[in-house]
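In: Have a look at this fold, sequence not included:
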């Protein structure tokens, strides 16, 4: 039976794709790990005799993609790819078109506003990482989802002189975590492990040569690292004490002096894992698959190359246009 790409475009909750199906030229959704990164692009054929109503800045676009079997399939399962706020649009001519550009919803302005405050307010009560993420999430009406490995980490005193987005991004980088807002949830979880918030193995999307249109595997020897050393301050001896994670060379020494041994150990381990992942990467174009998401895992099989194995998806772009449904992935090796 004929398999055809299918998509849904809702504007402020109302389906518009079916009404304008013959005038949709391109639907693209880009998903990344990190804050303020997901975006969409939709291009319509904007006929002079029947112009499409121009969007308002408050309009919300919701996009889903998938496949249907033949023209009579009314129950095709579509995978939601997110809701986006129309931040920009363009009109072109003489070949008239309307192009919409959308960004992830809700938090992208307030979360970026600079703030000055102390964590914790009471120096006698150390702040845990899970509490800090929950406090910030609550300020924006979000539900915090923090991985078990991070919940009880005691943070040193933090003087915040930056936006909440910058603070959270800095902490995510320090602890090698995924930071993302999805479906009204602020997620802070281990990056590149192939496991969920609960520690369960993520479901892998399997890609074989029959699914892959093109691929590129990169091995960067300059990013390979044997060990990472971090320092912490020993109050009793008033000395900097090194903590080394890994073995071999080359070595990386972190410049910052941490408050305690546990913190220095976590940061050094996170840095080593991040550098190990970055040394091997791949870019893949495949037949469209909306089940592939940023922060997820794909398993490449039967290419008989270094590509075979499980990969952490850093970025994915899903695109439906006159060429069909294609997905483009940027991946790092799992740790």
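Out: All right, it came through fine. What you see is a predicted model; the values in this text were computed from it and never measured.
In: From here on, just use CA atoms for contacts and neighbour counts.
Out: OK.
In: Torsion angles phi and psi at the closest residue to residue 136 other than its chain neighbours?
Out: Spatial nearest neighbour of residue 136, excluding adjacent residues (Cα to Cα, 6 or more residues apart in numbering): residue 164 at 7.3 Å. Backbone torsions of residue 164, given as degrees, to the nearest 10, read phi -60, psi -30.
In: tell me the contacts of residue 164?
Out: 111-115, 136 (Cα atoms under 8 Å, 6 or more residues apart in numbering).
In: show me where pLDDT drops low in this structure?
Out: Applying pLDDT under 70 to the chain flags the ranges 1, 36-37, 70-75, 105-109, 196-201.
In: Over to residue 54. Which of the three states is it?
Out: coil (DSSP: H, G, I helix; E, B strand; the rest coil).
In: how much space between it and residue 29?
Out: Distance of residue 54 to residue 29, computed by Cα to Cα, to the nearest Å: 20 Å.
In: Who has more neighbours out of these two?
Out: More crowded of residue 54 and residue 29, by other Cα atoms under 10 Å: residue 29, with 24 against 12.
In: Please give the element, helix or strand, for the more buried one.
Out: Assigned by DSSP states H and E, residue 29 belongs to strand 24-32.
In: next SSE after the helix or strand hosting residue 172?
Out: Secondary structure assigned from DSSP H and E places residue 172 in helix 164-174. Downstream of helix 164-174, the first helix or strand assigned by DSSP H and E is strand 177-182.
In: That following strand: what's the following helix or strand?
Out: The helix or strand immediately downstream of strand 177-182 is strand 185-190, counting by DSSP H and E.
In: Can you list the neighbours in contact with that following strand?
Out: 133, 137, 142-147, 149-150, 172, 176-181, 196-197.
In: So what touches the helix of greatest length in the chain?
Out: Ranked by residue count under DSSP state H, the longest helix found in the chain is helix 261-278. Contacts with helix 261-278, where a contact means Cα under 8 Å, 6+ apart, come from 174-176, 192, 220, 223-225, 227-232, 243-246, 254, 257-258, 332-335.
In: Mind listing what's buried along the lengthiest strand in the chain?
Out: In the chain, with assignment by DSSP state E, the single longest strand is strand 78-92. Across strand 78-92, burial judged by 16 or more other Cα atoms under 10 Å covers 78-79, 81-87, 89.
In: Looking at the residues you listed, which is nearest residue 250?
Out: When those are compared for distance to residue 250 (Cα to Cα), residue 81 comes out closest, at 40.9 Å.
In: And that closest one, how far from residue 114?
Out: As defined by Cα to Cα, residue 81 lies at a distance of 30 Å from residue 114.
In: No more questions from me, cheers.
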